[in-house]
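below is the structure, and that's it, no one-letter string:
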């Protein structure tokens, strides 16, 4: 980030380049417990994996912004805004339907998996910096007001924007019940 302060108008201009990696994950408690603690706690029971969502973005962000401070007697106000060009080169989205679960049989004899899964990816995003595949735009806004001695209230809105891909994305979806009974090795020394 480069920031230049202009004393004459008591404000600043910023120019920045950032590499961003954003991951968003949400799902039922059973899914998190299974991932972090294993499925032994769900022996002879089902772990709910319904409505699980995972999204991964990797992108570059080139931004230009300004900020200004204004004094009104004992009050001070700050304003700021920035606009960004986004170049996304990797995006994955995974979601499960409303009837997705994992059953662990007693003594771990087998696993029963019922899934309704959708996977979307657009890994073939832009490969050169200003290539338009995987392009987007975003904005950040800032407003604050304060009493110089006692309090401050601020409002920030960050990364409001949109990305689009021009190449064909890859989309997979499926719904099925499967059982996994393990791998049988008759003789380890054979």
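Looks like it came in fine. Source: prediction; values computed, not measured. Numbers count the residues shown, from 1 in each chain.

make it CA atoms for all contacts and neighbour counts henceforth
OK.

and the spatially most central residue of the chain, what pLDDT?
Centroid-nearest residue in the chain, with C-alpha atoms, centre = their mean: residue 23, separated by 2.9 Å. Looking at residue 23, its pLDDT is 92.

for it, helix, strand, or coil?
strand (DSSP: H, G, I helix; E, B strand; the rest coil).

what sits against the residue nearest to it when sequence neighbours are not counted?
The shortest distance from residue 23 to any residue other than its chain neighbours is 4.6 Å, reached at residue 56 (C-alpha to C-alpha, 6 or more residues apart in numbering). Neighbouring residues of residue 56 by C-alpha atoms under 8 Å, 6 or more residues apart in numbering: 21, 22, 23, 24, 90, 91, 92, 93.

same check on residue 17?
Contacts of residue 17 (C-alpha under 8 Å, 6+ apart): 1, 60, 61, 62, 63.

show me which strand runs longest in the protein.
strand 75-96 (DSSP state E).

pull out the buried positions in the helix or strand where residue 30 lies.
Under the criterion DSSP states H and E, the helix or strand holding residue 30 is helix 29-37. For helix 29-37, the neighbour count (16 or more other C-alpha atoms under 10 Å) marks 30, 31, 32, 34 as buried.

circling back to that earlier point, now, which of the contacts of residue 17 sits nearest residue 109?
residue 60 (47.3 Å; C-alpha to C-alpha).

count of residues packed around the closest one?
18 (other C-alpha atoms under 10 Å).

number of residues surrounding residue 19?
Residue 19 - counted by other C-alpha under 10 Å - has 12 other residues nearby.

again, but for residue 9
For residue 9, using other C-alpha under 10 Å, the count is 10.

what's the answer for residue 153, then?
For residue 153, using other C-alpha under 10 Å, the count is 10.

quick one: mean pLDDT over stretch 37-50.
Stretch 37-50 comes out at a mean pLDDT of 93.

next: stretch 177-188.
Rounded mean pLDDT across stretch 177-188 is 83.

contacting residues for the residue nearest to the centre of the chain?
Counting by C-alpha under 8 Å, 6+ apart, residue 23 has contacts 54, 55, 56, 57.

and the first one, what are its bridge partners?
Per DSSP bridges, the residues bridged to residue 54 are residue 25, residue 94.

residue 68 and residue 17, how far apart?
Using C-alpha to C-alpha, to the nearest Å, residue 68 is found at 21 Å from residue 17.

mind showing which ranges of the protein have poor pLDDT?
123-131, 166-168, 190 (pLDDT under 70).

now do the strands in the protein.
Counting by DSSP E, the strands of the chain are 2-6, 11-26, 45-48, 53-72, 75-96, 101-104, 111-121, 135-147, 151-163, 170-180.

out of these, which is the most enclosed?
Most buried of the strands of the chain, by mean neighbour count (mean count of other C-alpha atoms under 10 Å): strand 101-104, with a mean of 22.
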